[in-house]
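Novice: Sequence first, then the predicted structure, then my questions.
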Amino acid sequence: MNTILSGQNLVNALREHCDQAKKRIWIASPYIGNFKDVQKIIGGNWMRSHIDFRVLTDVESGFIRRDTYAQFKESPNTEIRSLLSLHAKIYLIDDWCLLTSANLTGMAFSARHEVGQVVSGIEQVVTLFDQWWKKAQAVSSLPPSPSKTITNKEDSTKYKVLYKLPKYTSGASDQFLKKCDQFKELASLYESVTGRNQQMVREGFSLYEELDYFFNFLYHDHPDKPSKGCNKNRSLTSREVKQEILRYFELMSMSYAPGSGLWRLDRRNRIRELLPFKAGDSPRKEKIEEVLECLHCLHSRPLNKTKILSENDPRSIARAWNRLIQAPSINSQLIEEVIGEIKYFGISSASELIAWYYPEKYPMINLNSESGMRFFGFNI
């Protein structure tokens, strides 16, 4: 059965489906507004590497705001194409389809009386979108800015608000999950190129833990510290990436003394022994502190560790940590909620705790790994 949406329900339904997308976010809209509003309307799940994110617009007679275009292009899984005279507005999220009068602008969803129909059978819409997509031209740059007459009509910032755009507060955690996807992609390549360090395999390192050690070697332990200060991704061919990985892997392997990295595994194992805390119990402060001692990021911010202990109830910390590690899946909303429940426990601490607890599933995202990924050509 087809459903009609309007008003607050229109933007809320779209955002909810975008946040829960597993494989596809396809959007057709001739006018695409500023990035701040776009984030509120569709969230940040489109950044994930497993999402097929397509944007069909019209950069000649319509527009896409430059800040939105720049942010979309930073995501390697994003494709933007332009179809002259596009007027339709389509939002295809997995197997959910919204045909609507609303452009992807804050003005459309918060200051206009728009309507949308949720289509139960989406096959025809998918076929139509594909046909238009094939006709459209890839957008590699934007033409001069559109006239103020057009932008004032379609994306003005001066309007009476009729409906509230959903809040978007998960930018940092969305970026974290995006980086996890990129880390996993590089880990797969690293394993296929090197066959892994067999001494570390015997000692119990997971693939992600070994790659984290590799990144630490490039940033701290290699005589030249080649990845340190790598603020932009290097331009490398796929062949050069493989050659560089193998070259530095051999250097790391020669320098690795058996057992020298076991302290990392001890730290991981201790966290997994301590967590989860028993439901309903109030853990001793010493146990909370022992977990915090295992987090690298708090060694460089000792004041934060002190404040976490002094300004939070141990029971609240325990409940939040249990919720984080016992969730069926970890998403940006959950991370943001947990961070919000514990004062001074930020995204770095949360991401490290996740990585220690799930060494086979979640990688360590920090300055070392981000610099290392850029060193091998990834746009972080």
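Specialist: Looks like it came in fine.
Novice: how distant is the helix or strand harbouring L98 from the center of its chain?
Specialist: Element membership for L98 (DSSP states H and E) is strand 96-100. Centroid displacement of strand 96-100 relative to its chain, using C-alpha atoms, centre = their mean, to the nearest Å, is 24 Å.
Novice: list the helices and strands it packs on?
Specialist: The helices and strands touching strand 96-100, judged by 3 or more C-beta pairs under 8 Å, 6 or more residues apart in numbering; DSSP states H and E, are helix 7-19, strand 90-93, strand 115-119, helix 123-135. All C-beta atoms are positioned from the backbone trio N, CA, C, and that covers glycine.
Novice: 6 Å - rerun?
Specialist: The contact analysis (3 or more C-beta pairs under 6 Å, 6 or more residues apart in numbering; DSSP states H and E) places strand 96-100 against strand 115-119.
Novice: which parts of the strand it packs on are buried?
Specialist: G116, V118, V119 (16 or more other C-beta atoms under 10 Å).
Novice: Let me know the closest of the residues you listed to Q326.
Specialist: V118 (33.4 Å; C-beta to C-beta).
Novice: how close does the closest one sit to F378?
Specialist: 37 Å (C-beta to C-beta, to the nearest Å).
Novice: Give me the contact list for stretch 76-86.
Specialist: Here stretch 76-86 makes contact (C-beta atoms under 6 Å, 6 or more residues apart in numbering) with 30, 49, 53-60, 72, 132, 136-139.
Novice: who's in contact with whatever helix or strand comes next after the strand holding L98?
Specialist: Once the chain leaves strand 96-100, the next helix or strand it forms, by DSSP H and E, is helix 106-111. When contacts are defined by C-beta under 6 Å, 6+ apart, helix 106-111 is touched by residues 11, 33, 37, 41, 102, 114, 155-156, 159, 161-163, 165.
Novice: Stretch 293-312 now?
Specialist: So stretch 293-312 is in contact with R267, I271, L292, I342, K343, Y344, F345, S348, S349, E352, going by C-beta under 6 Å, 6+ apart.
Novice: which of those sit farthest apart?
Specialist: Greatest spatial distance among these (C-beta to C-beta): R267 and K343, at 23.9 Å.
Novice: Show me the shaky parts of the stretch 201-350 of the chain.
Specialist: Applying pLDDT under 70 to the stretch 201-350 of the chain flags no residue at all.
Novice: So which residues of it form helices?
Specialist: Assigned by DSSP state H, counting those that start in this stretch, the stretch 201-350 of the chain shows helices spanning 207-216, 238-255, 262-274, 285-293, 296-299, 302-310, 314-326, 332-341, 347-357.
Novice: Off-centre distance for the first one?
Specialist: In terms of C-alpha atoms, centre = their mean, the gap separating the centre of helix 207-216 from the centre of its chain is 20 Å.
Novice: do the third one as well
Specialist: In terms of C-alpha atoms, centre = their mean, the centre of helix 262-274 is set 27 Å apart from its chain centre.
Novice: Could you do the shortest one as well?
Specialist: For helix 296-299, the gap between its own C-alpha mean and the chain's C-alpha mean amounts to 22 Å (C-alpha atoms, centre = their mean).
Novice: Quick check: buried residues in that helix?
Specialist: For helix 296-299, a neighbour-count test (16+ other C-beta under 10 Å) marks H296, C297, L298 as buried.
Novice: Please apply the same query to the third one.
Specialist: Residues R264, L265, R268, I271, L274 are the ones in helix 262-274 that count as buried (16+ other C-beta under 10 Å).
Novice: Make TSV out of those residues and add distance to R196.
Specialist: Converted to TSV, these look like this (distance: C-beta to C-beta, whole Å):
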residue	distance to R196
R264	16
L265	15
R268	18
I271	23
L274	29
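Novice: Would you quantify the distance from the nearest residue to I330 once chain neighbours are set aside to L99?
Specialist: Spatial nearest neighbour of I330, excluding adjacent residues (C-beta to C-beta, 6 or more residues apart in numbering): I354 at 6.2 Å. According to C-beta to C-beta, I354 stands 38 Å off from L99.
Novice: out of those two, which sits in the more crowded spot?
Specialist: I354 (22 against 18; other C-beta atoms under 10 Å).
Novice: Burial check on the residue nearest to C18 when sequence neighbours are not counted, number of neighbours?
Specialist: Of all residues not flanking C18 in the chain, I42 sits nearest, at 4.5 Å (C-beta to C-beta, 6+ apart). For I42, the count of nearby residues is 24 (other C-beta under 10 Å).
Novice: again, but for K22
Specialist: Neighbours around K22, by other C-beta under 10 Å: 11.
Novice: Next one: it from I51, what distance?
Specialist: 8 Å.
Novice: cool, E311 as well?
Specialist: 37 Å.
Novice: What of Y31?
Specialist: Separation of Y31 from I51 (C-beta to C-beta): 23 Å.
Novice: Between the two, which has more neighbouring residues?
Specialist: Between Y31 and I51, Y31 has the larger neighbour count (other C-beta under 10 Å), namely 25 against 22.
Novice: how does this protein divide into domains?
Specialist: Domain assignment of the chain by automatic domain parsing yields the ranges 3-167, 173-375.
Novice: quick one: terminal-to-terminal distance for the last one?
Specialist: With C-alpha to C-alpha, to the nearest Å as the measure, the first residue of domain 173-375 is 23 Å from its last.
Novice: Next: the shortest one.
Specialist: Across its full length, domain 3-167 reaches 24 Å between end residues, using C-alpha to C-alpha.
Novice: so who does F376 touch?
Specialist: V241.
Novice: hang on, I meant R268
Specialist: Contacts of R268 (C-beta under 6 Å, 6+ apart): W356, P359.
Novice: The longest helix along the chain - contacts with which helices or strands?
Specialist: Using DSSP state H, we find that the single longest helix of the chain is helix 171-194. Applying 3+ C-beta pairs under 6 Å, 6+ apart, one finds that helix 171-194 makes contact with helix 207-216, helix 238-255, helix 332-341, helix 347-357.
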